[in-house]
Every structure is written in structure tokens, then in C-alpha cells.
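Asker: The following block contains a protein sequence and its predicted model.
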Amino acid sequence: MDLRQALNEEQYAAVTAPDGPLLVLAAAGTGKTRTLVYRMAHLVGRGVAPDRILLLTFTNRASREMLDRAQTAIHSGVAGLWGGTFHHMANRILRRHGRALGYESDFAILDRDDARTLVGESIRALELNTKEFPRKDVLQALFSRAANTEAAVEDLAVERFGNHAVDPDAVVAVYNRYTRRKRELGSMDFDDLLVNCLRLLTEHASVLDRYREKFMHVLVDEYQDTNTLQAQIVDLLAGGYRNLLVVGDDFQSIYGWRGADFRNIMSFPERYPDARVFKLETNYRSVPEVLEVANACIAGNPEQFQKALRPTREAYQRPRLARLRDGGEQARYVVDLIGELERSGYRRRDIAVLYRAHFHALELQLELTRAGIRHIVTSGVRFFEQRHIKDVCSVVKILMNPGDELAFARLLGLLKGVGPKTIAKLWTEFGGRFNAFDDKQRATLAGALRGEGRRQWMRIEPVLTAYLGDKTGRDGGEIFARFGNAFYDEYANNNFEDYERRMEDIRELSLHAGRYETLDAFLADVALLTNVDAETDVQRSQAEDAVHLSTIHQAKGLEWSVVILIWASEGMLPAPRTVREAEDGEAEERRLFYVTVTRAKDELCICAPEMRRTRDGGVMYMPLSRFVSEIPQHLFRRVRPGF
DNA sequence: GTTTCGGTTCTTTTT
DNA sequence: GAACCGAAAC
């Protein structure tokens, strides 16, 4: 492997840097992934065993991509290297050592939907479910924010609801109850994974020492999007050998609302005074005209590292700026544009349409369908959070973990004539554990049901007992098929319009589960794999030659020949709520615009409708997004579609 | 007493 | 859609 040949000067310096803390400031499109992959290869080449390396990434997709590429680059392979998201790593450590904090190794992970359910239950139990009191999803978001910023729930409640008629103490009461319920269920939500991992490393020196010793090298991708918990975890883990490499770009920090603090990357040199700093500024991705727009955009956020993206590509043409009448005209314009691009040689898979929020794309989806243009939407609903997926997973969950109240409730709730009351009564009667192997419990359950619900249950029961009977575990996917045949096929057919698609999902799930050695291992992953679908979207759009539709957030780390941004209008981008409520809202929204621009290799087209129908039937005029109008207009090519 | 159904309202971003 | 509420149906 010839590093000199594979890398430019900047990258080579970072890849071959000696041990010790390293900060790589990698602007968009400058070969950041490449640098990380080759650094891993370099370390292994120098004799570091792969299992002494920890690679922390922001998404599962990024982790997989890097490990795949490293595998190719290194002849001896990277088997044993720990790679994944912070949540994955925390999960792995906590399964092993969580007992020190009072958790069993088979603790359940609550996904967002589960967490919301528990919060809702707490609100109800405290009889706070009035019109004035915040809804469960609002409070769940607030609790999450508190965890990720290490703030007190009470402070956030005062800040958020102080001048409304909401009592902060009541919010705290809900929080306490929610926390207690989580403990009762022996479960953790996403945030607990991080919080508890940090606690474990802080309070249990033996655990900390073990991992400090293990991880001789720690590499962190997208460091600008780490929050305080994650930064502390990294500092602790790397605290022994101090071989810490962090890569990031403060200008692509777009997760502030989730507690990410780009000051982590700004202050890295202060926390590690001996850190070497490398800058990657040579951009290989985009044509100069696109980079000019990106550079002009940076100027809007003066308090950040000012850096310039240096182009390497030939001059091409300026990005288009299309001012359109309304969403309908925009949708038709995008369809026409795609046709035009296809005629000039682009494939559909080279094209992405990006937007701030999922609902911005609704109109366009209809128009694309009407025009027969294949497209793939990276949807807002995570694969494993969809109802039908959670329904069939509940069968496996209750089998593996008899104390999983949420799974029990979900499964029984599918039966005709069974509602919350019946479920609660049974659960109490069972003493908080349902063991499908227990004949008496099964008899009680069957006895409590009548009519159609009972008939349905009698068909489900053999699926459970058969599973426990033969203890297969190996062919994990089988149980989904059996449950489908016995009950869910019919249920789905009666309850879902898009029955076909959902059953297809379940077959897919069954295959996926079958790839795991045990169902336990599958379950441990399920909650964290919420994005399985989104991460295969890229491959799907490639394979099916489809236009890719995605939020800007989910486009992070990706690139396309052609990027079309829709709704670059005030009121849509920036999102008004962020500007209003978040401290650095406008700056972060500007970074979002920057991320959009820097995804484009050849063509960038910015669409900005002038009008939008309001709910009450009126019409709202929308100026051009401030992020577009603050940029020198001669950098754009104005287009006026002729209608 | 429970469940189910129908009408209404709102929709930022996600591990 | 999906979350919520109130009314109808079982």
C-alpha cells in the first residue's frame, strides 16, 4: 500500500502523524473518510492489533462504510476492531458491566416510541393530562435534552414553560415517575445508554482501566456533533494512552438541538495542549462555482473557524436559483429539471432532492409519481419504529424477556376486544411477568378472553410454545413467519391499506433476524438499528436508478452529482421555530444550508417558491431564504421557468 | 364497563 | 398519518 500515492500532502501528514492527540479539521469533500480509513490501515500496518482500536462514528452507515474500506485496504483485515456509534459502544459495554449499576445484561432498550409511551403513561397516572399540560412527545424531547446537555429537568421546564400555565414541579414529577418506570422495567432509553456508560466509567475504576488498556487508539468521526456526554466518554477512554484522533468540521455541526456542541471541537487544543492540528482544505468533490457559494455562506457565521474550500476541479457553471410561484410550480419545475438533466446524460441515481423537513417533499412525491419518475424517500419513520415491525417484534420480545411489559401490552392489544384495561388487569395478575411456558398463566389468559379475541389468541399460542419447545434460536427468522401465518397476515390485511408493503417488510425483517446467531443478539440490536432502512436507501437508489429524496440531516456525509434544494424560502429554511427557540438557531440553520450546498458535485439547483397556502385557506408570501439572499447574487444563475 | 370508531388538529431535524 | 378526544357499539 503506497500512502504517498493514495493521499495528498494534507491527508498524508494526518495519516502518518505520530502517537498522541490529533485534531483533523476536515472541510466538506476533502477526503475525511479516506483519511480515517488510511489512518486505521497505517496503525495496523505499524503492528497495532485491530482489537486495540476503537472507531466511533455518527451513524451505522458511516461505520460500515469505513470498516468495509479498511478491510479492503488492509490485507490482514480488521477483524476485532470496535466500530460503531456511541450508542452501540455504550450498549456493548453496559451489557457486560451494567450490573455494577444495577442493570441485568439483558436490559431492554426503549426506542423513542417506547419512551413516549412511558412518558404518556406517567402523565396519565399523575392526572396531568389536561389541555394545558404539554404532550408526551414534548416532554420526552425535553427529558432527552436534559440528559444530553447535563441540565436539570426543572431548569429546562422553567425556561420552556415558565411564562405558560405549566407548573415546572409537575414536569419534574412526570420525569421522576418516568425514571422510576424505566428502572422497574429494567430498561434504558437511548439517552440512558450514554448517561450510564459515562457513569460506569466515572464511578468504576476497574471498568475504566480495562477499556483504557484495551483501546490503544481511539478515533472519532464527526466530532463536531458530539455532545458533552460523548466528549467526556471519549476523554475517559482515551485517557490512558492518549492516542486520540478526532475528525470534524465545525461548519457541519447540525445537531445542536440534540445537545451537540461544536465547541467540543473548538476547545480540543485547549484540553489537549500537545495536540497536533491538521487541516484538510483541498476539495475534490465540487466544481469551483459550488464552492464559491459554500465559502460565501461561511462568512455569515463569523464566530466559527473561517476556512476556505480550495477547488481542484475545472470550472463548470454557476448554481441555478429558481424563483417559483408556489409548491405546485416547484414540483413541476423539479420534474422538468430531472428530465432535462437526464437528456444531458445524468442518471436518476446521480440526483438528490434535499429539504429541511419531511413534509416539504409531499407535493413533490405526488408529482414524481404522476410523472413516472422512480424515486426513493429516506422517510421520517425509522424502519424499526413502524407499527407492523414493532407488532411482530413484540412476540419475540415477550418470549426472550418475560418482564417486558411494553411487549406484552402491544401483543395483547392486537387482539379483538382487548384494550388497556384488560391488559393491565392481566399484567397485575401475572405479577409483572408473563412466561409463555407457564401452563397456568396461559390458561388464565385464555380464560380472560372471549369471542374473536380468544380465537385469535388460540392461534398465536402454539407459535409461542413451539418456539420455547424446540429452542431453535438459530433460525431466528422462522418465528416471524409462523406468527404471520397464525395471525398477523390476516390482522394486517384487515387493518392496513398498504398491506402488501408491510408484509414485505416483515419478510425482510425475518431474513435480517436470521442472520443473527441468536434472537438475543438480534433483540439487543433492534432498538439501535432504527436506521437500517435509511442506510440501505443509498444502495437502493443506486441499484434501482432512482432519484433520492432526503432531509438535509440524513444527507450528511453523502454526495451526488446533482443536488436540488427545495423550499429555500423564509418560513421553511431556516425553520422558524429553531430561530425563535434555540440559542444559536440561525447559525445552525446556516450550517444546514452549507451542508446542502457541499453535497453537490456538479450541479446545484436552489428552488424557492414565493407563496404557500396556509391552513385557513389564505396565501402567505415568502421571501427568498436569508441564506440565499445574503450571498452575492452574481454567484447564481437565475432561472425563470416559462409557464 | 370497555373497546372501537369517527372527527379534528398538527406536522423540524434523529442516535 | 398519528395522536387525541368524545361518542357509539359491543
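Answerer: Cool, got the structure. Numbering: from 1, shown residues only, chains lettered A, B, ... in the order given.

Asker: mind listing the strands in the stretch 401-550 of chain A by residue range?
Answerer: If DSSP state E, counting those that start in this stretch is used as the criterion, the strands of the stretch 401-550 of chain A fall at A:547-551.

Asker: Check what pLDDT the residue in it positioned nearest to DNA strand C gets.
Answerer: Closest approach of the stretch 401-550 of chain A to DNA strand C (CB to the nearest atom of the strand) occurs at A:Asp498, with a separation of 5.4 Å. Every residue, glycine included, has its C-beta placed from N, CA and C. pLDDT recorded at A:Asp498 is 76.

Asker: next one: A:Lys182
Answerer: 91.

Asker: For it, give me its contacts.
Answerer: If you count contacts by CB atoms under 8 Å, 6 or more residues apart in numbering, A:Lys182 has them with A:Leu110, A:Leu118, A:Met188, A:Asp189, A:Asp192.

Asker: tell me which element A:Leu25 is part of?
Answerer: strand A:22-26 (DSSP states H and E).

Asker: buried ones in that strand?
Answerer: A:Leu22, A:Leu23, A:Val24, A:Leu25, A:Ala26 (16 or more other CB atoms under 10 Å).

Asker: Would you reformat those residues as JSON lines and include pLDDT?
Answerer: Below are the buried residues of strand A:22-26 laid out as JSON lines (pLDDT from 0 to 100):
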{"residue": "A:Leu22", "pLDDT": "94"}
{"residue": "A:Leu23", "pLDDT": "94"}
{"residue": "A:Val24", "pLDDT": "93"}
{"residue": "A:Leu25", "pLDDT": "91"}
{"residue": "A:Ala26", "pLDDT": "90"}
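
Asker: Take those residues and lay them out in CSV including distance to A:Ala575.
Answerer: Shown next, in CSV, are the buried residues of strand A:22-26 (distance: CB to CB, whole Å):
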residue, distance to A:Ala575
A:Leu22, 35
A:Leu23, 31
A:Val24, 30
A:Leu25, 27
A:Ala26, 27
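
Asker: if we take these, which one ends up nearest to DNA strand C?
Answerer: A:Ala26 (37.2 Å).

Asker: ok and the residue in the stretch 51-200 of chain A nearest DNA strand B?
Answerer: A:Thr85 (3.5 Å).

Asker: Give the bridge partners for that residue, please.
Answerer: Under DSSP bridges, the beta-bridge partners of A:Thr85 are A:Thr57.

Asker: contacting residues for it?
Answerer: Applying CB under 8 Å, 6+ apart, the residues near A:Thr85 are A:Leu56, A:Thr57, A:Phe58, A:Thr59, A:Asn60, A:Ser63, A:Leu528.

Asker: min pLDDT across these, which one?
Answerer: Among the contacts of A:Thr85, pLDDT bottoms out at A:Leu528, giving 75.

Asker: which one of the contacts of A:Lys182 is nearest DNA strand C?
Answerer: Among those, and counting by CB to the nearest atom of the strand, the member closest to DNA strand C is A:Leu118, at 12.2 Å.

Asker: Give me the phi and psi for the residue of the stretch 401-550 of chain A closest to DNA strand C.
Answerer: phi -90, psi 50 (degrees, to the nearest 10).

Asker: same check, this time on A:Val218
Answerer: phi -120, psi 130.

Asker: before we move on, back to that, any chance of the contacts of A:Lys182 in CSV, plus neighbour count and secondary structure?
Answerer: Listed next are these as CSV, based on neighbours: other CB atoms under 10 Å; DSSP: H, G, I helix; E, B strand; the rest coil:
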residue, neighbour count, secondary structure
A:Leu110, 22, strand
A:Leu118, 24, helix
A:Met188, 26, strand
A:Asp189, 25, strand
A:Asp192, 23, helix
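
Asker: okay if I get the residues you listed as a markdown table plus pLDDT and distance to A:Pro50?
Answerer: Putting the contacts of A:Lys182 into a markdown table (pLDDT from 0 to 100; distance: CB to CB, whole Å) gives the following:
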| residue | pLDDT | distance to A:Pro50 |
| --- | --- | --- |
| A:Leu110 | 88 | 32 |
| A:Leu118 | 89 | 39 |
| A:Met188 | 92 | 29 |
| A:Asp189 | 91 | 32 |
| A:Asp192 | 94 | 29 |
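
Asker: And the residue of the stretch 301-450 of chain A closest to DNA strand B?
Answerer: A:Gly419 (2.3 Å).

Asker: pLDDT value on that residue, please?
Answerer: On the pLDDT scale, A:Gly419 gets 83.

Asker: if I read this right, A:Leu200 contacts A:Arg96, doesn't it?
Answerer: No - taking contacts as CB atoms under 8 Å, A:Leu200 lies outside contact range of A:Arg96: 9.8 Å.

Asker: Between the two, tell me which one has more neighbours.
Answerer: A:Leu200 (23 against 13; other CB atoms under 10 Å).

Asker: The more buried one falls within a strand, correct?
Answerer: No - looking at A:Leu200 with DSSP: H, G, I helix; E, B strand; the rest coil, it is helix, so not inside a strand.

Asker: Against A:Arg99, how distant is it?
Answerer: Note on A:Leu200: its distance to A:Arg99, by CB to CB, to the nearest Å, is 10 Å.

Asker: which among the buried residues of strand A:22-26 gets closest to DNA strand B?
Answerer: A:Ala26 (19.9 Å).
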